[in-house]
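Enquirer: Provide a 3D model corresponding to the input given below.
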Amino acid sequence: MIKDPYLSVVFTAVLTILFIIAGSFLVGYLARWIAKLFGASPKKRESTFAGYFFAAPWIIGFLIFVVVPLGFSLYWSFTDYRIASSEPIHWVGLQNYFTLLTQDSNFKASLVNTLYLTVFGLPLEIAFALFLAVLLNQKLRGEKIFRMAFYLPVILGFNTAVLLCWRLMLNTGTGIINQILRAMSAFVPFNYLLRACIYVQEIVSSFFLGINNGNFNLMNKVIAAGFPAANRVPLWVQSPLWTKMSVVMLMIWGCGTMMLVFLAGLNNIPKELHEAAEVDGANSFQRFWKISFPMISPYIFYNLVVGMIASLQIFEPVYVLYRDNQPLISSTVSMVYYLWQKSFSHFEIGYGSAISWVILIIILLVTLLQFWLQDRWVNYDVF
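Expert: Here you go, the predicted model:
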């Protein structure tokens, strides 16, 4: 055994390279042998060998890091497998799934929280991305700078450093976001709009918390308290009524990829259609609603499918913002966070595997439903 850590890393790297080379030759020879069984010509067999030889690193990686773990996860989901336990793995059949779907109130809460993020966060994210795309499609001076600025959040991603910065900015007392809101509240119409938004948001959030808790006392208290006072600001990371909305804000902040997709769709619309509508007397809004919006429906559908999958798998903002705040974590825990909690915090691998497969089935059903409904509103005729 090599004791020097540097030599150990070098030795592991060399073994990995040798394994990849050997595996590539093995996959190539296997593909050529199969082609020979099907009566392929010598030239076709050599082409098959070359193609699979260069594709082999990906194929081997896919088998080792996707297919094999997938198989183990499916098997473990039917067992009571706990890493921290000295008990051997034993088969429990569908017991994990039965407990998860009928008895686990925490999973129900995570499902409701994820539903909130999907129902409210995703439409806002798509709408804001479309708004930015329409602005950038005006061909204004400095357009490339704005594109870079709006896409920068996607490059930064939901890494820990960025999310910790957001945690500081969302602080109720000293955060820059609330300081800006306080400054803008000096404008009376904005102050009333902000208070109305706070009131509606707290009622909606308390309703979802009531579904989780089985009672709606908090919602009744929010309604009874009436319209917020003039000095009220959102309690982003201090109140369970605002934890989910904080995550929604981060979803909107990272809408740069959707924006680029919409921008590509807007650029593909023939200018002649807008010119003809303008000649007929249509204003800007009418041209957008009657021409642009129907023609970018395939792009909206793409962003909806991809965004739905991403929102159902959201994890990093919840983990970084609220993991250390136990009073608040229950109000924002998502399905994937609950999966992490069971698998890597409580070490219940069997139960966590069952959760992962339930999440997979939910995502699959939602995606199939979207594809089934697309014929009712997505327009492909012009493409």
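Enquirer: what about the closest residue in space to Thr118 that isn't next to it in sequence, neighbour count?
Expert: Spatially, and ignoring its direct neighbours in sequence, Thr118 is nearest to Ser311 (4.5 Å; Cβ to Cβ, 6 or more residues apart in numbering). C-betas here are computed from N, CA, C, even on glycine. For Ser311, the count of nearby residues is 22 (other Cβ atoms under 10 Å).
Enquirer: Could you pull up the residues touching Ser311?
Expert: 114, 117-118, 121-122, 251 (Cβ atoms under 8 Å, 6 or more residues apart in numbering).
Enquirer: Out of those residues, which sit inside strands?
Expert: Among the contacts of Ser311, DSSP state E puts none in strands.
Enquirer: how about the residues you listed in CSV, adding neighbour count?
Expert: Formatted as CSV, those follow (neighbours: other Cβ atoms under 10 Å):
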residue, neighbour count
Thr114, 26
Leu117, 24
Thr118, 19
Gly121, 22
Leu122, 21
Met251, 22
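Enquirer: Mark which of the residues you listed are part of helices, please.
Expert: Judged by DSSP state H, helices contain the following of the contacts of Ser311: 114, 122, 251.
Enquirer: Show me which of those residues is closest to Phe128.
Expert: Met251 (9.4 Å; Cβ to Cβ).
Enquirer: quick revisit: now, which of the ones in helices among the contacts of Ser311 sits nearest Ala40?
Expert: Checking the ones in helices among the contacts of Ser311 one by one against Ala40 (Cβ to Cβ), the nearest turns out to be Leu122, at 48.1 Å.
Enquirer: got the contact list for the closest one?
Expert: Residues in contact with Leu122 (Cβ under 8 Å, 6+ apart) are 251, 304, 307-308, 311.
Enquirer: Could you identify the most distant pair in these?
Expert: Met251 and Leu304 (13.6 Å).
Enquirer: leaving aside the residues next to it on the chain, what's closest to Glu46?
Expert: Arg32 is the one closest to Glu46 (Cβ to Cβ, 6+ apart), at 7.4 Å.
Enquirer: name the element that neighbour belongs to?
Expert: helix 5-37 (DSSP states H and E).
Enquirer: can you check Pro294 too?
Expert: Short version: Pro294 belongs to helix 293-295, going by DSSP H and E.
Enquirer: Helix or strand next in line after that helix, which one?
Expert: helix 297-312.
Enquirer: Show me what the helix or strand just after that following helix is packed against.
Expert: Of the helices and strands lying after helix 297-312 in sequence (DSSP H and E), the nearest is helix 316-322. Here helix 316-322 touches helix 160-169, helix 243-253, helix 326-329, helix 335-340, going by 3 or more Cβ pairs under 8 Å, 6 or more residues apart in numbering; DSSP states H and E.
Enquirer: Which positions within the third one qualify as buried?
Expert: Within helix 326-329, the residues that qualify as buried by neighbour count (16 or more other Cβ atoms under 10 Å) are 328-329.
Enquirer: quick one: average confidence on it?
Expert: Here helix 326-329 scores 79 as its mean pLDDT.
Enquirer: show me where pLDDT drops low in the stretch 1-150 of the chain?
Expert: 1-3 (pLDDT under 70).
Enquirer: Now the two most distant members of the contacts of Ser311.
Expert: Thr114 and Met251 (12.1 Å).
Enquirer: list residues touching both of those two?
Expert: Joint contacts of Thr114 and Met251 (Cβ under 8 Å, 6+ apart) are 311, 314.
Enquirer: Report the central residue of the chain.
Expert: By Cα atoms, centre = their mean, the chain has its centre lying nearest to Ala310, at 2.2 Å.
Enquirer: Outline the domain layout of the chain.
Expert: 5-76, 102-172+235-376 (automatic domain parsing).
Enquirer: Please work out which of these is packed deepest.
Expert: domain 102-172+235-376 (a mean of 17; mean count of other Cβ atoms under 10 Å).
Enquirer: before we move on, back to that, got the contact list for the residue nearest to Glu46?
Expert: 45-46, 48-49, 52.
Enquirer: if we go to 7 Å?
Expert: Going by Cβ atoms under 7 Å, 6 or more residues apart in numbering, Arg32 touches 45, 48-49.
Enquirer: And the pLDDT at the residue nearest to the centre of the chain?
Expert: According to the model, Ala310 scores 93 on pLDDT.
Enquirer: From Gly61, how far off is it?
Expert: Separation of Ala310 from Gly61 (Cβ to Cβ, to the nearest Å): 23 Å.
Enquirer: Tell me which helix or strand the nearest residue to Met258 once chain neighbours are set aside sits in.
Expert: Of all residues not flanking Met258 in the chain, Ala129 sits nearest, at 3.6 Å (Cβ to Cβ, 6+ apart). Counting by DSSP H and E, the element that carries Ala129 is helix 122-136.
Enquirer: before we move on, what about Trp372?
Expert: Assigned by DSSP H and E, Trp372 falls in helix 349-373.
Enquirer: Which secondary structure elements does that helix sit against?
Expert: The elements that helix 349-373 packs onto, with contact taken as 3 or more Cβ pairs under 7 Å, 6 or more residues apart in numbering; DSSP states H and E, are helix 68-76, helix 95-102, helix 297-312, helix 335-340.
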